Every structure is written in structure tokens, then in C-alpha cells.
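Colleague: give me a 3D structure for the following:
(3 chains)
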Amino acid sequence: MRIFFLVLMGVLLATIGLMLQRVFQGPSIFDRMNGLGVITADTILLIVLFGFLDNQPGMYVDLAMAYAMMGCLGSVVLAKYLGGKKL
Amino acid sequence: MISCTFLQEMIAALLMGLGLIFLVGSMIGMLRLPDFYSRVHASGNSETLGTMLVFLGLAVYNGVSITSAKLLIILMFIFLGNPIGSHILTKAAYKTGHPVWTKKRLPEEIMSDGDIKGGEANADIHS
Amino acid sequence: MANLDIVRDKRISGSPAVHLLSMAVLLFGFWMLLSGNTQTKFLVYGVLTAIIASWASYPLLLVPNGDDSKRYFVFGINPFKLIAYFIWLLWQLVLANIDVIRATVRPEIEIDPCVVRFRYQTDNPMARVVLANSITLTPGTVTMNLTDDGVYEVHALTVGAADGLRSGDMQQKVAWLYGEPCDFTLLEGKD
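Modeller: Numbering: from 1, shown residues only, chains lettered A, B, ... in the order given. Here you go, the predicted model:
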């Protein structure tokens, strides 16, 4: 199971790397924000998986919960800013 | 230490494997799809299901405890928050006039190649 | 104590006492989950916090309908119907996800993006929100715009997703969830 967690973390890290490429050279500002949203979702998963690898998931789950609440809000606020008065 | 039975481990591995497939699928979609609106489908939605399945697998692996309940709460947050995020991003793009990519409908174009390069962004979808 | 007038408002659909009680129970459950502590002191704190928080936030959670003749509580849904809808939605999610991933992973991408417009009119504003959220959650369809008079503009990725939207299954399910007649008309797109 430990190996399975490590494989999952490796895939998530690869995804984050590829999304960073999307963030840095996305054609439009919305592409960049989309990449950031994916990175947020993956980071929540990474935090929880790291907790399970560390054998104390209780502590890391609280961190992930706070991050999950913030991730949604951040995206909404930035999109509101980009949409201007029309949104 | 986390102690779990063989059956629990198998169910958790199955759920997380399925989640892994969806996560990789969303990553491939993110890289291959042609424009912003189609990439939102890949990121916002396949990502949601993949993350939810992995969290469900972790909750099964952890057994009945307060940590599992917290994992399910995170799952609910993602379930409610992710579509709101992708919707508001799409709405901002649509209102500011980001063009929608569509396939060209010309018959000779379809006859020659239905390839992805046959399309182009058309802006007259906006009124 | 301005809340007292709001609670006595005759326009609220359903009974305010039930709403307040269910919300307090929900908040107390969340408190227990986060603290995980069963000492008497913390239990009393939790009950007090839950009651005060639900009392203070109740006016914010009432949404008026179009002409302000009725007010609906945001979480005023039948929980059994909600669970049934949730399971149906999860099943749709898995099916649509497999469809989209199959379309993207092929060597030649099989997508045909288009914009579907339809009008879905309900009295309860929450039904619109739930429908828009469900459409966005289902892969292959993303709600791009939702106007005040109930016109949805949805970006559909594949042909199957657009057809599923035009058939109106999800609209009927949401109407059933809120116990309202399904007023659904398809508007012709410009493309």
C-alpha cells in the first residue's frame, strides 16, 4: 500500500509540473487560472497522502480541510476580479 | 499505526486506482484539448471525480474514525466548490468575449480531414 | 432582535422553527466532528455556538423568488429526495466522465464543441442553482451563463453530452427534487 501511495504522489507531482507549464505559457489569463485550480486540487490530495505516509493522517487532514475551503474561494475572487463589472 | 484488513485494503486500492485513471485522463485532456472552454471540462470535472474517488479510498483504508469523517467532509467541499470555481471562471471568460472554438462545418473540410487543426476560433457566437 | 420580525414573516415557505432546529443540529454535528472532544464544557460551548450561529445567519439564508411574494430557505429540501438525487448524479457523473475521457484519449480527438441554450423557469431560485451546479459537475457540459429570466447557456464538449442536455432528464430530476412543475423549453442556438 505504501508503494501505491508513492506512485499516486508521483503522478500528482507530474501533474503539478505539467500544470505549471500551463500556468506559465497558457495563451490567455483564464488558462493560467485553470491550471492554478488544478494545482490547488492536487495539493490537497498530496497533503492528505503525505499524512498517510507519515502515519499520522489526523494532523494533515485538518490542514487539507482548511486548504479545500480556501481553494474554492480564491478561484471565485480572482474570477470576479477578471470579469470586471459585467460579472 | 493504521491497521486494516485485507478486504479493506483491496477496496481502497480499487477505488484509488480508479481515481488515478481519472486523474491521468484529466491531465491528458488538459494537455491535448484545443481551447480554454474545452480544457475546463477536463480540469474541473474529471479532476473532481478522480479526487473524490481517491478520498473515498483513503477513508475506506483508514476505517471508521473521526479522520475518515473529516475526509468525507473534504470530499463534500470539493464536490460543492469545484463546479462553482469552474463555472465562475467560464462565466468571466464568456462575458469578456473569449472566443469559443468550434469545428468548421464546411463539407469539403470534413471530407478531407476531420482533424483537430481543421477548426478555428470563431467569435460570432457572441451577439 | 431584528431577526424576530424576519422569523414571523408570513412569506417564508415552510416553518422557521424546523429550519432553525435542523441547521443547529447540522452545525453541532460539524462542531463535534472538528473537536472530537466529549467533555461537558465543550459540549455546552458547542450547543450554544450552534444555536447562536443558526439564529444570526438565518436571514441571510432566505432567498426571495422573482416578485418577492415568497421566500425560500436555502437548505429547505427533502433529505431523502436529496440522497436519491445525489446517488443518481454520482452515477451520471461516472458515465459522462468515461465518455469524455474516451473522447479525449483517442489518437484523434472526437470533440464537437457547441453552445446549447435553453430556458428553465422555476419559482424557487435554489432549483436553478442546483441545476446549474449539476450541469457543471457533469463532464462534457459547463454552464457558461445564467440570466435572471432563467436562460441557460451551456458549453457542451461532445455530441452525446449536448444530446443528453437537450433530452431534459436532469431538468426533470431537479423539478422532482423541489416538487415543482418542469417548465423547460429549448432555445435555438445561433450556430
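Colleague: what bits of the chain have low per-residue confidence?
Modeller: Because you didn't say which chain, this covers chain A. A:86-87 (pLDDT under 70).
Colleague: nope, chain C
Modeller: C:1-3, C:188-191.
Colleague: can you give me the helices for it?
Modeller: Under the criterion DSSP state H, chain C contains helices at C:3-7, C:16-35, C:40-57, C:79-105, C:125-137, C:159-167, C:169-178.
Colleague: and for chain A?
Modeller: A:2-25, A:29-53, A:57-83.
Colleague: that older thread, please tabulate the helices of chain C in CSV, including the columns mean neighbour count and distance to chain B.
Modeller: (Glycine included, C-beta is placed from N, CA and C.) Converted to CSV, these look like this (neighbours: other Cβ atoms under 10 Å in any protein chain shown; distance: least, Cβ to the nearest Cβ, whole Å):
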stretch, mean neighbour count, distance to chain B
helix C:3-7, 11, 26
helix C:16-35, 15, 5
helix C:40-57, 14, 14
helix C:79-105, 16, 4
helix C:125-137, 21, 4
helix C:159-167, 17, 9
helix C:169-178, 19, 13
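Colleague: export those to CSV and tack on distance to C:Arg71?
Modeller: Formatted as CSV, those follow (distance: least, Cβ to Cβ, whole Å):
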stretch, distance to C:Arg71
helix C:3-7, 9
helix C:16-35, 10
helix C:40-57, 15
helix C:79-105, 20
helix C:125-137, 10
helix C:159-167, 30
helix C:169-178, 15
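Colleague: of all these, which one comes closest to chain A?
Modeller: Closest to chain A of those is helix C:16-35 (Cβ to the nearest Cβ; 8.2 Å).
Colleague: how many other residues sit next to A:Leu12?
Modeller: Neighbours of A:Leu12 under the rule other Cβ atoms under 10 Å in any protein chain shown: 22.
Colleague: correct me, but it touches B:Leu23?
Modeller: Yes. The criterion here is Cβ atoms under 8 Å, and A:Leu12 meets it with B:Leu23 at 7.3 Å.
Colleague: on that earlier part again, out of the helices of chain A, which is the most enclosed?
Modeller: With neighbours taken as mean count of other Cβ atoms under 10 Å in any protein chain shown, the helices of chain A reach their highest mean count in helix A:29-53, at a mean of 21.
Colleague: any residue of that helix up close to chain B?
Modeller: Yes. Helix A:29-53 is in contact with chain B by Cβ under 8 Å from any Cβ of the partner chain, via A:30-31, A:33-35, A:37-38, A:41, A:44-45, A:48-49, A:52.
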